[in-house]
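S.K.: 3D model of this:
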Amino acid sequence: MLWSHQLAHVLSGEPVAASPGHELGGTIAVMDGFTRCEIKTSGARIVTVYGGNGPPVLLMHGNPFTHLSWHKFAPRLAQDFTVVATDLRGYGDSEKPPGGDDHSGYSFRAMAQDQVEVMAALGFPRFMAAGHDRGARVLHRMCLDHPDTVERAAILDIIPQHHLLNHMTRDWGRFSWHWLFMIQPHDLPERLMGADPDYFISKKLAKTPQGLSFFGKEALAEYMRCFRNPATIHAMCEDYRATFGVDLDMDTKDFEAGRKIGCPVLLLWGASGGVGRNHKAAEIWSRYAADIRGAKALPCGHYLSEEAPEETYRELRDFFAARG
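M.R.: Purely as a prediction, here's the structure:
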């Protein structure tokens, strides 16, 4: 197939590539059939895994995860697509460059640029993409900054931050308390989160009566390993600080100019999560995306790929397989 030939040609002879299932950089291999490599972009070194055959699909995780957040169905998706999953800059084992005085090193624009360059390095100047949580915010910015690059965009369980930050409510603040905590000046949140990182991440992820039960054990162990790194905690805080500053400034300009995502969009959210309980997602997103092809609540909370992997897989597969 064309895509396999492209990938083999681009990566031939590259020393950064590891064989499928190989452990590299301490990462536990749980995504069968995927190869891990590290790709240097203009801004950061990005951990990347890829596998499968067919049209290219990029998967971008949320906070506080890594590429392993897709492990429950990425191998199945790779039966029909060339699937690429990454650790966003600052997350997992990807590089953690300085954020800068304005934190723009962790803006969604910078993160989107990384991902576009990763896909280009793999031979994919155009591709489809799915993002969850922070990864969905990267995808939103990517669609605006690189409209000729993203063919289809699946946005999982977020409301645009431009809307959220201009319509804060008591319920949102109670449920999403970590947003306002993590933007506090360095190094208050970093010290408190880093004092007992396992406790913090466990409490943050266990917001429902299910606790941590739906997370894959190996994947959860990886999330916790990465979160124990003080540089990762700092990068995550920089990500949130950028959201309240440079990201919001960009979003405001785009919104006032009437700019919307132009490619076909699929919206998915958890019926019992914060988006499902507190927002009219499709109505809000209609102000930010011009071509919404589907909008659906899945039977889960915020962590779609971990809580409802079968339903999430089916929705993504059908959306990416559609044409026109």
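
S.K.: how far away is residue 295 from residue 141?
M.R.: Counting by Cβ to Cβ, to the nearest Å, the gap between residue 295 and residue 141 amounts to 20 Å. For the C-beta atoms, the positions are set from N, CA and C on the backbone; glycine is no exception.

S.K.: of these two, who's got more company?
M.R.: Neighbours around residue 295 and residue 141, counted as other Cβ atoms under 10 Å, are more numerous at residue 141. The numbers are 23 against 18.

S.K.: secondary structure class of the more buried one, three-state.
M.R.: Using DSSP: H, G, I helix; E, B strand; the rest coil, the secondary structure recorded for residue 141 is helix.

S.K.: cool, residue 37 as well?
M.R.: strand.

S.K.: give the bridge partners for it, please.
M.R.: For residue 37, the beta-bridge partners are residue 48 (DSSP bridges).

S.K.: test my guess that it contacts residue 48.
M.R.: Yes: taking Cβ atoms under 8 Å as the contact criterion, residue 37 and residue 48 are neighbours in contact, 5.4 Å apart.

S.K.: of these two, who's got more company?
M.R.: Looking at residue 37 and residue 48 with other Cβ under 10 Å, you find the greater number of neighbours at residue 48, namely 25 against 19.

S.K.: make sure the more buried one is actually in contact with residue 118.
M.R.: Yes: assessed by Cβ under 8 Å, residue 48 is found in contact with residue 118 at 5.6 Å.

S.K.: so for the two, which residues contact both of them?
M.R.: Between them, residue 48 and residue 118 share the neighbouring residues 39, 84, 86, with contact defined by Cβ atoms under 8 Å, 6 or more residues apart in numbering.

S.K.: mind listing what whichever strand or helix holds the second one pairs with, with the direction of each?
M.R.: What it means is residue 84. For residue 84, the element it lies in under DSSP states H and E is strand 82-86. Taking DSSP bridges as the criterion, strand 82-86 forms sheet pairs with strand 45-52 (antiparallel), strand 56-60 (parallel).

S.K.: touching the longest one from outside, list them.
M.R.: It refers to strand 45-52. 7, 20, 25, 27, 31, 33-40, 66-67, 74-75, 77-89, 92-95, 114-115, 118, 122.

S.K.: so where's the protein shaky on pLDDT?
M.R.: Within the chain, the ranges that satisfy pLDDT under 70 run 1-30.

S.K.: what do you get if the cut-off is 90, keeping everything else the same?
M.R.: Segments of the chain classed as low confidence (criterion: pLDDT under 90) are 1-32, 171-175, 207-209, 278, 323-324.

S.K.: find the centremost residue of it, please.
M.R.: When the chain is reduced to its mean C-alpha position, the nearest residue by Cα atoms, centre = their mean turns out to be residue 135, at 2.1 Å.
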